[in-house]
Structures are given as C-alpha cells and as structure tokens.
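J.: A structural model of the following input is requested.
(chains A and B)
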Amino acid sequence: MQLIEMDGVGIKRQGRWLIQNVSLNVKSGEIVTLIGPNGAGKSTTAKTALGVLKADAGSIKRKPNLKVGYVPQKLAIDWTMPLTVRRLMSLTAKPSKGEIDAVLEKTGISHLIDSNVQQLSGGEYQRALLARAILRAPDLLVLDEPVQGVDYSGEIALYNLILKIREELNCGILLISHDLHVVMAQTDTVVCLNGHVCCSGAPEQVAASDAYKQLFGDPASQSLAIYHHHHDHSHKADGTIVPSKGNSGDCCNHG
Amino acid sequence: MDDFILRAMLAGIGLALVAGPLGCFVVWRRMAYFGDTMSHSALLGVALAFLLNINLMLGVLAVTVTVSLCLLILQKRGSLSTDALLGLLSHSALALGMVLIAFMSHVRFDLLSLLFGDILAVGNEDVIAIYACAAVILGLMYFLWRPLLASTVNRELAEAEGFNPDLTQLIFMVMMAAIIAIAMKIVGVLLITALLIIPAATARWFARTPEQMAVASSVIGVASVVLGLEGSLQFDSASGPSIVMASLCLFLLSLFASRLLNGVLGKERGQ
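T.: Model prediction:
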C-alpha cells in the first residue's frame, strides 16, 4: 500500500529552491533511504513528506489517516524541562504501562526507564527516541539521522533494530542518512539527493552511478559497484546543476 | 485580618496558582523576555483603557495580545533578531503608554502602583475576575497539556504526529496576556515575569516530570505570595517587590537545599 507519494515537489525559501522536483514513494513494509551531502535537502524532504513544510510546487499524496512516528534530526531537550524516559514515551500519545515496558524492552533500554533524558548517552537517547516513535504503532516511520552520535558497532545494532521494527510493525520507513555502507544493503530504495533527486533505485544501482560517486567520492562505492551509466550533469558547490553535453543518464534526467 | 489584606491574599494566591504551570512553559520555551515585553506593553493598555473609557483588564488584554501577535509576525518575517525585536516592542510600548498617560491630565495615575503593584488597589470585583480568569486558564492548560508540552519539546514533531502547534502557541499567548492583565494590580507591570519565572526555576530542583514541576511551582508561588504580602504589611513596602523578594529567598533556599540533598545522595551512591 502506498503511504506517501511525492511528485515533483519543491520548497522555496527567500527566493531560493531548497529542494526542487523531488519525487519519491514510500510503501508499507518498505525502507526508503535518503542520502546526500550536508545541505542537500534531506531533512527538508522528510519534513515536506510529513506535512510540516508546505510544498511550493508539485503534489503530495498521503494515505488518509496516516499515522506517523517521527525522530527529528535535532531534538535537544532543554535541561530546564525535567523529563524521564518513561514520561518521554507519552509525549504525544497515551500508552499503557505495559506498552511502555514492552517498547523499552524491544529497544533494549528497560533499565533506563527512570533516567532523565538529558543524562542518556548518544546511543541510549537515539534508542529512546526510536522507542517513542514506534510506540504509536505508526504506518510510517520517519527517521532523520537515527544513528547520529553513535559509535560504529552501536550504529549496526541500531540499524538491525530498525530492520526488526520494520518486520514487526510492517510499517514504511523513510530513513535519512549521510553514511551509506551500512544502510545500503537492507534498503529497498535509495534516493540520492542534492537539491533534486540525482538518482534513485535499488542500492547497488545507485552506488554504481556516477552521480553517487560524484557526491560521495569513488571509494565509497567501490564495494558495491555493479553498473555504470553516463551522467548528464554535475553540481556546483551550492548544488545548482551544470548540464554536460551530449549524453543522458538512466536516472539523472532533470527534464 | 483586614478585608483588604484578605482580598490581596486571595487575589495573590489565585494568581500564583496559574502562574505556576504557565511560568514553567515560559522557562521551557525560553520566553522570559517575551513575557517582559508583553507585560511592559500593559501600561499602554492601561492608558488606552482610560482614554477609551473601557474596562482596565480588557484594555490590557487587547494591547498585550496585539503586541505578542506583532512579535510573532515580525519573527516569521525574520528581518531582525528576536531580542532586538523584543527590545523594540517592549520599550516603545512602555514609552507610548507613559506619553499617553502624561497627556491625560484629567486622570490621576498612581504610576508607582502600576509599575510595582498595590495591594490596596485590589477590590472585590478584581478578586472575582482573577479567579474566573484562573479557572479558565487552568482548565485550558489541563485540556491542552499534551499538545502544549509536545510542541514545546519539538514543534515539528508535534505537528508531524497530529497536533497543531500554531494554534497551541496562539492560545498560550492569549493565556499569557490574560495573566498579565490580572497580575498587574498585584505585582505591577515591571515584575510580572518574575512571578512566572522564579517559582518555576525553584520547582525545577525538585521535579522529575513536567507535571511535578508545574504543581510544585504553583505551590512555591503561593508561598511567595503569602510571605511577600506579610512582608509588605510588615515593612510597608510595595506588594510587587515584596512578593518577588520572597520568591527569590525561596529560590536561594531551594538552591542550597538541593545542593545539600545531592551531596548526601551522591555520598550514598559512592559508598
């Protein structure tokens, strides 16, 4: 079932397009990963999909009564607000005690239930935020850099947890990441973003594409390089498109 | 107890009950100067109320709501930084109020009591107005607690998960304006934010959840009002500054107590 269909979506701020002509779909049980360098518009795209930002161009269709769980990129809880992990769980919903215990068990932070959120480590905090988001049994989970501030082994554990959640809830997941190697293998669709959709498709496909290599450097794609295509444009430092002559790529047409 | 003291106590307690939870949000949302700006503009409201011959509280409410809406709109347009905007609005509203008051030579204003509060000025109808207002605000807070708290933690998260942060913020602003309107006679326009912030800051030391902090800050606020008004009668000082001094004393005491408590707990944990 389609949860979200974005078609040619653009967001304009102060006369500048933050994202332009972005199209992507998320289905139930599917993981769609947004990758791209800093400032590529990944968070903007996610917020647009969520309806927090109103699109200035294009159209967005959401499943009626779509229930969303959201882990924002920046969620700094000020010290002035006393908040335990237990209380964080019922921030937007009213879960029962049993539901809270179960979700903390699932995310492996049961022992932290009475801790202050400000005292959690990076990994523990991300797990708490993830627990809060899945507690609502969402149709769509939007995770904006869910492994930030987490070391490498913790990162893999978190991604495994996300996979487990996908299986159990059968929800669609829109995942934002700027590192790739770990994510790619388990993702159904990768959308490579730099102000617009540079390329999208199955992970191997994207990893092999020139657009991806240009954004992340050649070494990043070595391990997954399977197929190449020609590229019809390159990017200036600010993300604007510079078309090159003569050829056109499989998934890099900007029309 | 004399009638006027009883009235002042009742009024102050009603005010402190509302100021508790509202003040917590002011602290959490870092809106202390926003509150100041709104309350400084209350003087303009007083002047306009006299000029147009309307109810004082209504005049104040209208002006503070207008000022806060202006601020929201200017903030969205993002031309000046928020603190510059606050300074601009706050002081021009205060100055305009003073100038208007000066023009109305036919009305006698007790400026000091407007700025710093005057328990003698609290009448029966004020007490009723304060409790009516308090009941409405506390009721709203009760029903809007979850969306208010969620959008305070993260606006976008609240919106993504089905709340309407713009609407909650607007209601919050109106509640702030209302408390300023009813607090003016008791603590005066210059000191209203102190009554919002100091009890909340004191409560932070003892609270584990936002709800505990809100309740504790109401209790501390009530204690500050009682102690402050007693002091004000004792030393014949203005009611506003006396209440603020009392709440400051409680804050310092709690600071000391929490240090002591943490020290003891820390030692126990260490063993």
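J.: So is the longest helix out of those in chain A next to chain B?
T.: For chain A, the helix that runs over the most residues, judged by DSSP state H, is helix A:152-169. No: residues of helix A:152-169 contacting chain B under CB under 8 Å from any CB of the partner chain: none, with a closest distance of 15.6 Å. The way it works is simple: take the backbone N, C-alpha and C, and place the C-beta from them, glycine included.
J.: any idea of the mean pLDDT for that helix?
T.: Confidence over helix A:152-169, taken as the mean pLDDT, stands at 86.
J.: Beyond that helix, next helix or strand please.
T.: Sequence order places strand A:172-176 as the next helix or strand after helix A:152-169, per DSSP states H and E.
J.: Dump the C-alpha coordinates for that next one into CSV.
T.: In CSV, the C-alpha atoms belonging to strand A:172-176 read as follows (Å, rounded to 0.1, in the frame of the first residue of the first chain):
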residue,chain,number,x,y,z
GLY,A,172,7.1,2.0,5.8
ILE,A,173,10.3,3.7,6.8
LEU,A,174,11.8,6.9,5.4
LEU,A,175,15.3,6.9,6.6
ILE,A,176,17.8,9.8,6.3
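J.: in its sheet, what does that strand sit against?
T.: Here strand A:172-176 has these sheet partners by DSSP bridges: strand A:31-35 (parallel), strand A:140-144 (parallel).
J.: Report the mean confidence score over the first one.
T.: It refers to strand A:31-35. When pLDDT is averaged along strand A:31-35, the result is 89.
J.: So what's the gap between the helix or strand following that strand and the chain middle?
T.: As assigned by DSSP H and E, the chain's next helix or strand after strand A:31-35 is helix A:42-50. Relative to its parent chain, helix A:42-50 has a centroid offset of 9 Å by CA atoms, centre = their mean, to the nearest Å.
J.: Next: stretch B:73-89.
T.: 21 Å.
J.: Just give the nearest non-adjacent residue to A:Arg127, would you?
T.: A:Thr107 (4.6 Å; CB to CB, 6 or more residues apart in numbering or on different chains).
J.: Wait, the one you found touches A:Tyr125, no?
T.: No: under the criterion of CB atoms under 8 Å, A:Thr107 lies out of contact with A:Tyr125, with a separation of 11.3 Å.
J.: circling back: which of the strands paired with strand A:172-176 sits closest to B:Ala135?
T.: With distances scored as CB to CB, the stretch of the strands paired with strand A:172-176 nearest to B:Ala135 is strand A:140-144 (39.7 Å).
J.: Report all helices and strands that the helix or strand harbouring B:Arg259 contacts.
T.: Under DSSP H and E, the secondary-structure element containing B:Arg259 is helix B:239-270. When contacts are defined as 3 or more CB pairs under 8 Å, 6 or more residues apart in numbering or on different chains; DSSP states H and E, helix B:239-270 sits against helix B:3-28, helix B:111-116, helix B:165-187, helix B:192-204, helix B:210-235.
J.: For those helices, give me CSV that also has mean pLDDT and distance to chain A.
T.: CSV is the format used below for the helices and strands packed on helix B:239-270 (pLDDT from 0 to 100; distance: least, CB to the nearest CB, whole Å):
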stretch, mean pLDDT, distance to chain A
helix B:3-28, 92, 5
helix B:111-116, 83, 27
helix B:165-187, 89, 9
helix B:192-204, 93, 6
helix B:210-235, 94, 6
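J.: Burial-wise, tell me which of those helices comes out on top.
T.: Of the helices and strands packed on helix B:239-270, the one with the most neighbours on average (mean count of other CB atoms under 10 Å in any protein chain shown) is helix B:192-204, at a mean of 27.
J.: which residues touch that one?
T.: When contacts are taken as CB atoms under 8 Å, 6 or more residues apart in numbering or on different chains, the neighbours of helix B:192-204 outside the stretch itself are A:80, A:82, B:15-16, B:19-20, B:22-24, B:26-27, B:32, B:35-36, B:39, B:42, B:179-180, B:183-184, B:187, B:212-214, B:216-221, B:224, B:243-244, B:247-248, B:250-251, B:254.
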